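Colleague: return a 3D structure for these sequence lines:
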Amino acid sequence: ILTGETASDLRTLGEARIVICTAGQWDGLSRRWRQRRAVQAVTLFIVDELHFLGGDMGPTVEVIVSRMRYIGSQRKQGGKGGGPKPLRIVGLSAPIANSREVGEWMGVPAKGLFNFSPRVRPIPLEIFFRSFDQSAFSARLMAMAKPAYGAVMRHAADHGKPAIVFVPSRRQAQLTAIDLMTYRESMDDGRTFLGKEAKVEEVAAKADKLREPALRQVVAAGIGFVHGGLLDSEWDAVAELYRAGALGVLVVPADLCWRIREVAHLVVIMGTESFDGRERRYVDYPIADLLHMMGRASRQSCDTSGTCAVFCHSPKKEHLKKLLYDPLPVESHLDHYLHDHFNSEIVTKTIGSMQDAVDYVTWTFLYRRLTRNPNYYGLRGTDNVHLSEHLSEMVETVLGDLEESKCCKMNDDGDVSALNLGMIAAYYYVQYQTVELIASSVTAKTKTRGVMEILSAASEFASLSIRHGEERALKILARNLPHALPESAQFHDPNTKALVLLQCHFGRKSISADLRNDQKVVLGESVNLIQAIVDVISSNGWLKPALAAMELSQMVVQGLWNKDHVLMQIPHFTKEIVDRCEAHKGEEPIESVFDILALDDDVRDDLLRLPDEKMADVAVFCNNYPNIDVEFDVRDADDVTAGDPVQIVVALEREVDEDEDDEEEEMDEEDMERLGVVSAPLFPKEKREGWWIVIGDTKTNSLLSLKRVGLKRKQRVTLEFVAPEEAGDYDLTLFCMSDSYLGCDQEYSVPLSVAIGESDSEEESSEDED
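Modeller: This is a model prediction of the structure:
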């Protein structure tokens with residue numbers, strides 16, 4: 001399974017026989033396929049959920065399939081006479097109306113194309129529609145409560161079969177579960193939704209262990225609900241009870257329909273709309289989501305048929321019937337997302353001219369749909385002239401936007417070449433608008449706060465959802481933030497939400513479960529974006545903003561402000577523990593993580609006063625905390641002249657435990673693989689250490705050279721830069737900056753004597769002769 005980190009993913013791809021990844025991960029990995037043998041070696045490419053071509057990830061799916069087709073064609077041309085195996089592409093999808101076109105685009109021959117009616121299922125599905133006239137969303141949901149109970153009883157509970165109820169939101173999941181429990185208890189027959197063979201005492205005992213009060217109450221009555229903010233342990237407990245047959249009903253928010261793996265005899269879809277805070281209105285569920293919810297009514301090993309009840313607003317009933325009963329038509333949206341894909345192909349030199357860009361489009365599904373549905377794509381005619389004009393205009397517009405954002409440049413002949421910003425965007429898988437924003441916003445005087453605001457304004461955060469009533473919660477949180485929001489901040493703006501969540505993370509503030517999930521998304525994207533920010537800053541040659549961005553990366557990973565005490569990043573450390581450590585009167589003051597390790601066991605226990613399980617977490621963090629030896633050497637230091645290239649070789653070596661050091665040769669692959677894994681309990685996913693090695697002049701705020709490296713045991717890095725034009729003695733600084741830990745950065749003074757160059761000495765001698 002790929003993780004999104006390029007280095008480890010390439011290693012995984014080279015070693016594994018079967019690799020599973022998202023469309024975005026494969027797009028980032030396969031962009032440089034010409035230089036990556038592991039990508040070229042793929043012989044079978046399976047794309048699941050192809051009907052998502054019309055969804056949010058559709059453009060990315062379209063690009064990777066088109067790219068793999070192109071790779072396959074290149075392999076055929078180069079493999080004549082016995083070469084690499086041909087590339088096979090397999091697509092899997094829900095029934096779609098234009099399957100023949102999708103198959104032709106993927107290069108599937110007619111004998112390899114199979115398309116079935118939506119009515120063809122592993123087991124038959126009986127679908128009921130019930131419409132409601134109430135125009136107000138909340139009133140309509142209230143009116144659905146009693147019919148939902150009736151459907152559960154008639155089609156599931158009375159027959160001892162399970163049911164899943166999909167609702168529009170987390171709050172509604174709780175309310176619906178309580179309503180179902182209340183209606184059942186009002187029957188006064190002493191029965192609940194518990195399974196026939198469920199033991200009441202065991203279910204009650206498991207319910208008592210749950211933290212959420214409402215969940216405890218309904219689970220005892222045989223009803224469970226889940227939501228995005230539920231602890232993993234509680235989610236697993238509810239799911240296990242449902243799969244075991246102890247719970248008869250499971251209530252799930254519709255946005256989690258792809259996360260659950262549970263199936264039922266009956267599925268009830270209570271409403272087909274949800275609130276979109278960005279648009280400030282209720283929007284329909286994607287048709288793919290509705291089909292997936294219906295597909296949960298499929299217990300192949302238990303039932304001979306399934307049942308689905310769809311509750312909807314009256315005006316939408318006939319439209320929904322047509323969508324759900326007929327095959328799903330798929331259209332391309334790639335024309336709205338071409339910029340980033342064009343940019344990546346320009347960087348890899350697949351596109352080198354406007355004609356190359358037009359040829360690139362002809363490989364896509366978009367090209368095949370242009371003439372089939374011209375009105376949808378704004379095509380004025382279907383003949384070759386109109387098609388050619390439309391493609392040329394589209395390509396010219398996209399390349400013009402990229403040129404305006406300084407990601408590429410075009411000459412009068414139509415030739416296209418990548419610029420530095422475009423290379424950064426393609427390498428870090430960042431949107432071109434984000435790189436343009438970074439380049440236009442950062443200055444030589446930008447500090448940590450400024451970098452944080454630039455980070456939060458990234459286009460990648462525009463997809464953050466704003467839920468109903470969330471603006472008020474964000475306003476309350478914003479009142480107590482250390483840094484006030486910009487005057488232009490709007491609380492219905494996802495970028496403002498990202499900025500609030502970042503500051504809450506650094507301050508370790510308590511937030512709601514939904515906001516915590518959004519915060520995990522922001523943090524997961526931030527590390528990659530900060531690396532792009534550092535590269536943009538370094539290309540401008542500014543030292544202090546680059547160091548500020550590096551510190552921000554440490555803050556994101558450890559969940560602290562850079563002004564906080566470094567001991568606070570240790571798990572379970574509180575301000576009281578840190579105060580005791582600072583007040584300790586020992587031989588040496590306790591100022592760093594290494595000082596905690598150096599303490600005697602009894603002294604450490606007295607200062608920390610933590611139970612054994614928490615002390616184990618402290619030990620893991622302290623042992624993983626990097627202790628790096630840095631050595632450097634200026635090549636030909638006595639022979640540096642003005643304007644000449646200078647090389648500094650930096651050697652990094654990680655200090656490990658003495659036992660491990662003595663038995664280095666005996667360290668197995670697993671131990672070596674774990675070296676460099678970051679201990680960060682507040683960061684949402686596993687991360688490996690990265691180090692920025694920087695040489696700069698603090699007096700002039702100039703960054704001369706920068707490299708980013710990963711480190712396991714040892715690493716050698718060569719920094720190259722041009723010596724100053726003026727002769728003299730310079731006091732440069734070498735920085736070794738972590739991207740994950742606070743307090744372990746190192747800096748060294750690098751004296752550099754620059755002699756007069758030959759051209760300068762000739763000019764001086766000619767002046768003397770005059």
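
Colleague: and the residue nearest to Ser99 when sequence neighbours are not counted, how many neighbours?
Modeller: Counting by Cβ to Cβ, 6 or more residues apart in numbering, Ser99 lies nearest to Asn115, which is 3.9 Å off, once chain neighbours are set aside. Where C-beta positions appear, they are placed from N, C-alpha and C, glycine not excepted. Neighbour count for Asn115, taken as other Cβ atoms under 10 Å: 15.

Colleague: Lys520 too?
Modeller: The burial count for Lys520: 17, using other Cβ under 10 Å.

Colleague: how would you label the nearest residue to it once chain neighbours are set aside: helix, strand or coil?
Modeller: Using Cβ to Cβ, 6+ apart and skipping residues adjacent in sequence, the residue nearest Lys520 is Pro684, 3.9 Å away. Following DSSP: H, G, I helix; E, B strand; the rest coil, the label given to Pro684 is coil.

Colleague: and the residue nearest to Ser99, what does it touch?
Modeller: 95-96, 99-100, 327 (Cβ atoms under 8 Å, 6 or more residues apart in numbering).

Colleague: for Leu290, same thing?
Modeller: Per Cβ under 8 Å, 6+ apart, neighbours of Leu290: 269, 272, 310, 320, 323-324.

Colleague: now with 7 Å, please.
Modeller: Applying Cβ atoms under 7 Å, 6 or more residues apart in numbering, we find Leu290 in contact with 269, 272, 324.

Colleague: element containing it?
Modeller: helix 287-295 (DSSP states H and E).

Colleague: need the next SSE after that helix, C-terminal direction.
Modeller: Assigned by DSSP H and E, the successor of helix 287-295 is strand 306-313.

Colleague: using CSV, list the CA coordinates for that next one.
Modeller: Extracted C-alpha coordinates of strand 306-313, given in CSV (Å, rounded to 0.1, in the frame of the first residue of the first chain):
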residue,chain,number,x,y,z
GLY,A,306,-32.4,-7.2,-0.5
THR,A,307,-34.5,-4.1,0.1
CYS,A,308,-33.9,-0.4,-0.2
ALA,A,309,-36.2,2.4,0.8
VAL,A,310,-35.4,5.9,-0.6
PHE,A,311,-37.0,8.9,1.2
CYS,A,312,-36.8,12.1,-0.9
HIS,A,313,-38.3,15.5,-1.6
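
Colleague: got the angle between that strand and helix 287-295?
Modeller: 140 degrees (axes from the mean of the first three to the mean of the last three Cα atoms, to 10 degrees).

Colleague: pull out the buried positions in the following helix or strand past strand 306-313.
Modeller: Counting by DSSP H and E, the next helix or strand C-terminal to strand 306-313 is helix 317-325. Going by neighbour count (16 or more other Cβ atoms under 10 Å), the buried part of helix 317-325 is 320, 323-324.

Colleague: tell me if I am right that Met144 is in a helix.
Modeller: Yes. Counting by three-state DSSP, Met144 falls inside a helix.

Colleague: so what's it up against?
Modeller: 132, 270-271, 311.

Colleague: what about the helices in the stretch 1-150 of the chain?
Modeller: Listed in chain order, the helices found in the stretch 1-150 of the chain under DSSP state H, counting those that start in this stretch are 6-15, 23-30, 37-40, 58-78, 99-105, 137-155.

Colleague: now do the fifth one: which elements does it pack against?
Modeller: Think helix 99-105. helix 365-370 (3 or more Cβ pairs under 7 Å, 6 or more residues apart in numbering; DSSP states H and E).

Colleague: show residues contacting the helix or strand following the helix it packs on.
Modeller: Next in sequence after helix 365-370, counting helices and strands by DSSP H and E, comes helix 384-404. Applying Cβ under 7 Å, 6+ apart, the external contacts of helix 384-404 come out as 335, 338-339, 342-343, 354, 357-358, 361, 370-371, 379-380, 408-410, 416, 422, 432.

Colleague: I'd like the next helix or strand past helix 384-404.
Modeller: Downstream of helix 384-404 (by DSSP H and E), the next one is strand 408-410.

Colleague: so what strands line up beside that following strand?
Modeller: Take DSSP bridges as the rule and strand 408-410 pairs in its sheet with strand 416-418 (antiparallel).

Colleague: now tell me what touches the partner strand from outside.
Modeller: 346-347, 351-354, 399, 408-410.

Colleague: where does the prediction get shaky in the stretch 201-350 of the chain?
Modeller: Applying pLDDT under 70 to the stretch 201-350 of the chain flags no residue at all.
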